[in-house]
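Chemist: what shape does this take:
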Amino acid sequence: FGLFSATRSGVLDEASTEDIRAYVASLSDRGLAASTVSRRLSAIRQFFRFLYAEGLRSDDPTTTVDGPRIRRPLPKYLSEEEVGLLLSFAHDHKGPEGKRLVALLEILYATGLRVSELVGLPLSAVTRDVRFLVVRGKGGKERIVPLNEPALDAIARWRDVRAFFIPEGMDSMWLFPSRGKHGHLTRARFGQMLKELAVEADLEMKRVSPHVLRHSFASHMLAHGADLRSLQQMLGHADIATTQIYTHVLDERLKRLVQDHHPLATK
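Modeler: Predicted coordinates for the structure are as follows:
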């Protein structure tokens with residue numbers, strides 16, 4: 001910015017609003033990403049706010065300069081077929097590790113929990129005769145999330161063998177205990193398990209993660225008719241604006257509805 005300003009007003013701290021707008025426009029003309037332009041403009045704002053606060057300038061030339069509009073990227077998610085493939089390969093795993101992997105995957109895809117919520121589930125969050133989870137999310141807020149039959153079945157099978165992961169003579173408060181220092185399965189280890197499963201299912205490792213499965217749950221729910229408010233509650237979003245990142249799925253569904261049912265669509 002200093003070099004650019006020097007070609008106009010000659011002194012950086014004397015730059016005008018027009019100088020700054022011209023600089024921002026030049027960044028866009030050079031093909032820089034909107035996020036990069038926004039970061040540079042933020043640094044310039046801080047600089048001139050400092051000058052104004054210290055009395056070194058009588059005005060702040062950045063107050064009327066608009067930054068670029070940053071489009072929020074669409075969430076990455078797997079198709080229903082790809083999730084089904086992951087579940088199928090998980091069910092092929094035998095022993096306690098296999099039952100744990102299936103339980104983790106079935107719960108995650110049935111509920112869309114954050115990975116920290118999933119691995120940190122206490123044993124008290126589930127009982128044999130209740131069809132939902134009590135989840136403590138961000139800010140300590142509790143929410144109730146329903147479970148489907150595959151998840152309930154996977155949990156029941158897992159509970160029969162979870163003692164395998166608890167040191168002998170000890171007990172654990174966690175649904176997914178571990179002999180490690182955290183006392184429960186870690187986010188990193190679960191992420192690694194998913195990457196290994198992706199390789200088995202012949203999926204790109206970089207496309208598979210706990211957060212991608214959370215996005216997949218939300219996208220598939222909307223595609224099958226769930227409403228945004230219900231999805232907001234299940235995902236634990238404080239603001240429905242966060243849930244609205246999934247409306248790209250609704251857009252596609254609405255297009256199909258018009259194409260399939262509008263009286264003029266077939267002409």
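
Chemist: can you list the weak-confidence ranges in this structure?
Modeler: Applying pLDDT under 70 to the chain flags the ranges 1-10, 70-74, 127-129, 248-262, 264-267.

Chemist: can you point out the buried residues in the helix ranked longest in it?
Modeler: Criterion DSSP state H: the longest helix present in the chain is helix 34-53. In terms of neighbour count (16 or more other CB atoms under 10 Å), helix 34-53 has its buried residues at 37-38, 40-41, 44-45, 47-48, 51-52. Where you see a C-beta, it was placed from the backbone N, CA and C, and this is true even at glycine.

Chemist: please apply the same query to stretch 138-145.
Modeler: Val145.

Chemist: neighbouring contacts of that stretch?
Modeler: Stretch 138-145 has contacts (CB atoms under 8 Å, 6 or more residues apart in numbering) with 111-114, 132-137, 233-234, 236, 238.

Chemist: assign Ile20 to helix, strand or coil.
Modeler: Here Ile20 is helix, with the state taken from DSSP: H, G, I helix; E, B strand; the rest coil.

Chemist: name the nearest residue to it, sequence neighbours excluded.
Modeler: Leaving out its chain neighbours, the residue that sits closest to Ile20 by CB to CB, 6 or more residues apart in numbering is Val65, at 5.2 Å.

Chemist: list the backbone torsions phi and psi for the one you found.
Modeler: Per-residue torsions, Val65: phi -90, psi 120 (degrees, to the nearest 10).

Chemist: how about the helices of the stretch 151-267 of the chain, start to end?
Modeler: 187-200, 210-223, 228-235, 240-243, 247-261 (DSSP state H, counting those that start in this stretch).

Chemist: most tightly packed of these?
Modeler: helix 210-223 (a mean of 20; mean count of other CB atoms under 10 Å).

Chemist: wait, the residue nearest to Ile20 sits on Thr17?
Modeler: Yes: with contact defined as CB atoms under 8 Å, Val65 counts as touching Thr17 (6.3 Å).

Chemist: so those two - more neighbours on which side?
Modeler: In terms of neighbours (other CB atoms under 10 Å), Val65 is the more surrounded of Val65 and Thr17; the figures are 18 against 15.

Chemist: could you pull up the contacting residues of that one?
Modeler: 17, 20-21, 24, 41, 45.

Chemist: mind listing what His211 touches?
Modeler: His211 neighbours (CB under 8 Å, 6+ apart): 114-115.

Chemist: next one: it from Ser79, what distance?
Modeler: To Ser79, His211 is 16 Å away according to CB to CB, to the nearest Å.

Chemist: Ile144 should be in a strand, yeah?
Modeler: Yes: going by three-state DSSP, the assignment for Ile144 places it inside a strand.

Chemist: bridging across strands, which residues link to it?
Modeler: For Ile144, the beta-bridge partners under DSSP bridges are Val134.

Chemist: would you mind measuring from it to Arg136?
Modeler: As judged by CB to CB, Ile144 and Arg136 stand 11 Å apart.

Chemist: Leu213 against Ala110, yeah?
Modeler: No: counting by CB under 8 Å, Ala110 is not a contact partner of Leu213; they are 10.5 Å apart.

Chemist: picking up where we left off before, reformat the buried residues of helix 34-53 as JSON lines; add distance to Glu168.
Modeler: Converted to JSON lines, the buried residues of helix 34-53 look like this (distance: CB to CB, whole Å):
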{"residue": "Val37", "distance to Glu168": "59"}
{"residue": "Ser38", "distance to Glu168": "56"}
{"residue": "Arg40", "distance to Glu168": "59"}
{"residue": "Leu41", "distance to Glu168": "60"}
{"residue": "Ile44", "distance to Glu168": "62"}
{"residue": "Arg45", "distance to Glu168": "60"}
{"residue": "Phe47", "distance to Glu168": "62"}
{"residue": "Phe48", "distance to Glu168": "65"}
{"residue": "Leu51", "distance to Glu168": "67"}
{"residue": "Tyr52", "distance to Glu168": "67"}
